[in-house]
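1. Build the 3D model from these lines:
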Amino acid sequence: MVDSLWHGFADMGSVVANGRFVVARGEGTRIWDTNGNEYLDATAGLWFTNVGHGRTEVAQAVADQLTKVAHYSGFGDTTADITVELADRLGDIAPVPGSKVFFTSGGSDSVDSAAKLARRYWHEMGKPEKNIIVGRTKAYHGMHVAGTALAGIPLNREGYGELMPDAETVDWDNAKSLLGLIERLGADRIAAFFCEPIIGAGGIYLPPDGYLDEVRQICRDNDVLFVADEVVTGFGRIGGSWFASSRLNLEPDMMTTAKGLTSGYVPMGAVFIAPKVAEPFFSGGVWWRHGYTYGGHAGAAAASMAVLDITERENLLDEALRLEGDLATALSPLADLDTVSEVRTGLGAVTAIQLADPAEGPAMLGRMRAQGVSGRVAGQGALQISPSFVMTTAEVTELADRLEAALTF
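-> This next block holds a predicted model:
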């Protein structure tokens, strides 16, 4: 049989030579491979399985919707009833009251949509020269053209040439770097600043004290749109609130989301657009010529509605806040190991265990699997810990014990 599958973000020569890690099923916080081996899922898939694996309630909601209408075009004046219902429900929990919701097929779609809309907004406001989009070092904003150009991970841009003119990068942890760029280029040329509340794929870095408040105010003072990239942190990952933007009072002009929106059961993303940005397009006569065939997919909308139901019924926003403390308590001591240089934790259901030798990352994943942990390396040798919100305190302790065994050699 021909080996046809090409993995994302992979050295396929190594995959072919060494074999795949193939997941056969999942339940709660655990997964099993095709050989029947059980693992604690340390990353909730890829940041997304917030409500845990194997929730038949979500699967049944999708199945029920597919027997009615799987999907219909969302272009022009058409849509499915469940899509309208979901948009209104999301509007009720938006960080900025009165926000509009534009559906996409995933996080990369959401980022590119927000980048295009930022430029188009300023065009409608009579300022077409405001077209520079700003990102940060270490940041990850998906892998479409705009997101790749915005991201602060040079390796992800290598070999593509110039992807998007008028994209700039500032220091991830220094608000004065953003202000300096604005002063150098002119506020009248800068459309938007994209900011992950917690840097995710770039290595899991929590924001320095006061940083988010400062960059948010800089954007207000200079009439630059503030775009919160909450593809990772949205829908509870930050703990205690639906969004980091709510907990941290960021009041974003736009907010990009995906992942936890459906808990990864089916692909879906959404851009939340504050009334200020939406107004020119809702006053009549202006088309935003942009959209996706599967944006607002009816089956995906049904999945999202079920995930929101579970999140509310089981108080998973509070559980994520509990995990914030549990992870810090259980994983911080790992910083004393010789193989670990730092543990970054304390905000949201997310932690980074920074390896002292980043080159050990691939081998460490194998040692973790041998101890019954499925994980991932982010950035430069940071072990990503971002479990499902249903992980218990006892399971966090179990995870810490298994990780310590893997890290001690």
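
2. from here on, contacts and neighbour counts on C-alpha atoms
-> Will do.

3. residue contacts, H144?
-> Contact partners of H144, counting by C-alpha atoms under 8 Å, 6 or more residues apart in numbering, are 108-109, 112.

4. which one of those has the most neighbours?
-> Most neighbours among the contacts of H144, by other C-alpha atoms under 10 Å: D109, with 29 neighbours.

5. That residue is in contact with V271, isn't it?
-> No - using C-alpha atoms under 8 Å, D109 is not in contact with V271, being 9.2 Å away.

6. on that earlier part again, give me the subset of the contacts of H144 lying in helices.
-> 108-109, 112 (DSSP state H).

7. how about these in JSON lines, adding distance to Q384 and pLDDT?
-> As requested, these are exported to JSON lines (distance: C-alpha to C-alpha, whole Å; pLDDT from 0 to 100):
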{"residue": "S108", "distance to Q384": "20", "pLDDT": "98"}
{"residue": "D109", "distance to Q384": "23", "pLDDT": "98"}
{"residue": "D112", "distance to Q384": "25", "pLDDT": "98"}
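
8. Which secondary structure state does Q384 sit in?
-> Of the three states, Q384 takes strand according to DSSP: H, G, I helix; E, B strand; the rest coil.

9. What strands flank whatever helix or strand F103 lives in, and is each parallel or antiparallel?
-> Using DSSP states H and E, F103 sits within strand 100-104. Strand pairing for strand 100-104, determined by DSSP bridges: strand 269-273 (antiparallel).

10. Pull out the buried residues from the strand it pairs with.
-> Buried residues in strand 269-273, counting neighbours by 16 or more other C-alpha atoms under 10 Å, are found at 269-273.

11. hey, what's the closest residue to V231 other than its chain neighbours bridged with?
-> The shortest distance from V231 to any non-neighbouring residue, by C-alpha to C-alpha, 6 or more residues apart in numbering, is to T257 (4.0 Å). Under the criterion DSSP bridges, T257 forms beta bridges with A270.

12. Could you give the number of residues near T257?
-> For T257, using other C-alpha under 10 Å, the count is 29.

13. What's the separation between it and R322?
-> Using C-alpha to C-alpha, to the nearest Å, T257 is found at 23 Å from R322.

14. likewise A146?
-> From A146 to R322 the distance is 36 Å (C-alpha to C-alpha).

15. Which of those two has more residues huddled nearby?
-> Ranked by neighbour count (other C-alpha under 10 Å), A146 and R322 place A146 first, with 23 against 19.

16. pLDDT value on that one, please?
-> What the model reports as pLDDT for A146 is 95.

17. isn't there a strand covering it?
-> No - A146 is assigned helix when assessed by three-state DSSP, not a strand.

18. pretty sure it is touching P165, no?
-> No - between A146 and P165 there is no contact under C-alpha under 8 Å: 9.5 Å.

19. low-confidence ranges in this structure?
-> For the chain, the stretches with pLDDT under 70 are 1-2.

20. Helices of that one, start to end?
-> Using DSSP H, helices in the chain cover 12-18, 44-47, 56-68, 81-93, 107-124, 145-150, 175-185, 211-221, 244-247, 275-282, 298-313, 316-331, 361-370, 393-407.

21. what's in contact with stretch 174-181?
-> 170-171, 211, 214-215, 218.

22. Stretch 219-234 now?
-> Stretch 219-234 is touched from outside by 47-48, 107, 111, 114, 118, 141, 182, 187, 190-198, 200, 216, 242-245, 252-261, with contacts defined as C-alpha under 8 Å, 6+ apart.

23. And stretch 401-409, by the same measure?
-> Contacts of stretch 401-409 (C-alpha under 8 Å, 6+ apart): 334, 337, 339-340, 364, 367-368, 370-373.

24. Show me how far it is from its chain's centre.
-> Its chain's C-alpha centre and that of stretch 401-409 lie 28 Å apart, by C-alpha atoms, centre = their mean, to the nearest Å.

25. Stretch 157-170 too?
-> That offset, for stretch 157-170, works out to 21 Å (C-alpha atoms, centre = their mean).

26. Equivalent analysis for stretch 334-348, please.
-> 22 Å.

27. what's the first-to-last distance across that stretch?
-> Termini of stretch 334-348 sit 18 Å apart (C-alpha to C-alpha).

28. neighbouring contacts of it?
-> Taking C-alpha under 8 Å, 6+ apart as the rule, stretch 334-348 contacts 204-206, 237-239, 320-321, 323-325, 327-328, 331-332, 351-357, 404, 407-408.

29. residue contacts, F75?
-> F75 is in contact with G291, counting by C-alpha under 8 Å, 6+ apart.

30. How many residues are close by I198?
-> Neighbours of I198 (other C-alpha under 10 Å): 24.

31. Without its sequence neighbours, what residue ends up closest to it?
-> The shortest distance from I198 to any non-neighbouring residue, by C-alpha to C-alpha, 6+ apart, is to L206 (5.0 Å).

32. give me every residue that touches the one you found.
-> 197-199, 344-345, 347.

33. Including distance to E129, could the buried residues of strand 269-273 go into CSV?
-> Formatted as CSV, the buried residues of strand 269-273 follow (distance: C-alpha to C-alpha, whole Å):
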residue, distance to E129
G269, 29
A270, 27
V271, 24
F272, 24
I273, 21
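
34. so how far is V396 from A328?
-> Distance from A328 to V396, by C-alpha to C-alpha: 10 Å.

35. wait, I meant G210
-> Counting by C-alpha to C-alpha - G210 and V396 are separated by 29 Å.

36. Looking at these two, which one has more neighbours?
-> Using other C-alpha under 10 Å as the criterion, G210 and V396 rank with V396 on top: 20 against 9.

37. ok, that one touching A330?
-> Yes - in terms of C-alpha under 8 Å, V396 counts as a neighbour of A330; the distance is 6.9 Å.

38. For PyMOL, write a command that selects the buried ones of the contacts of stretch 334-348.
-> Entered in PyMOL, the line below selects the buried ones among the contacts of stretch 334-348, by 16+ other C-alpha under 10 Å:
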select buried, resi 204+205+206+237+238+239+320+321+323+324+325+327+328+331+332+351+352+353+354+355+356+404+407
